[in-house]
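*Asks:* What follows is a predicted protein model with its sequence.
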Amino acid sequence: MKYMTSKIENLKDLEFYSDYDALASILLGWSKKKDNEELDLCIKSCTGIAFYVNSLQMDRWGWKKAVSEYRQDKCRAVERARKAEALLDELKKENNKLKKLVNL
């Protein structure tokens with residue numbers, strides 16, 4: 001089972017990228033018209049924010065993927081344990097039948 005992001009998280013991410021794209025486009029347009037140190041700092045800061053947010057999103061994605069994999073592993077282990085218990089019960093019954101036949 002693949003990790004799936006919730007619809008709300010997707011919408012929030014989409015809104016962030018839309019807002020960031022609008023801001024970056026405006027800043028880039030201004031920087032082409034005028035050379036300004038403060039504007040260059042704004043562009044650099046905006047880029048830093050985008051990388052930071054992307055890092056947080058990747059951390060969230062990785063965490064959820066790991067939790068999902070752990071949950072799947074647990075479910076597989078529980079299923080194997082249930083099958084082993086069922087087989088053990090069946091073998092115990094068969095063993096008891098054989099013991100009764102030997103004692104005849």
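*Replies:* The structure has been received and is ready for your questions.

*Asks:* gap between N95 and S45?
*Replies:* Summarising the geometry, the distance separating N95 from S45, computed by C-beta to C-beta, to the nearest Å, is 74 Å. (Glycine included, C-beta is placed from N, CA and C.)

*Asks:* actually E38, not the one I wrote
*Replies:* When C-beta to C-beta is applied, the distance between E38 and S45 equals 10 Å.

*Asks:* ok, the two, which is more surrounded?
*Replies:* Under the neighbour definition other C-beta atoms under 10 Å, E38 and S45 were set side by side, and S45 has more, 11 against 7.

*Asks:* so that one, which of the three states?
*Replies:* helix (DSSP: H, G, I helix; E, B strand; the rest coil).

*Asks:* pLDDT weak spots in this protein?
*Replies:* In the predicted model of the chain, residues 1-5, 104 satisfy pLDDT under 70.

*Asks:* ok, now which ones touch R60?
*Replies:* R60 makes contact with E9 under the criterion C-beta atoms under 8 Å, 6 or more residues apart in numbering.

*Asks:* Helices along this structure, start to end?
*Replies:* Counting by DSSP state H, the segments of the chain that form helices are 7-33, 37-103.

*Asks:* Can you list the helices and strands that the first one packs against?
*Replies:* Using 3 or more C-beta pairs under 8 Å, 6 or more residues apart in numbering; DSSP states H and E, the elements in contact with helix 7-33 are helix 37-103.

*Asks:* Now do the helix it packs on against helix 7-33, angle only.
*Replies:* Direction vectors for helix 37-103 and helix 7-33, defined by axes from the mean of the first three to the mean of the last three C-alpha atoms, to 10 degrees, enclose an angle of 160 degrees.
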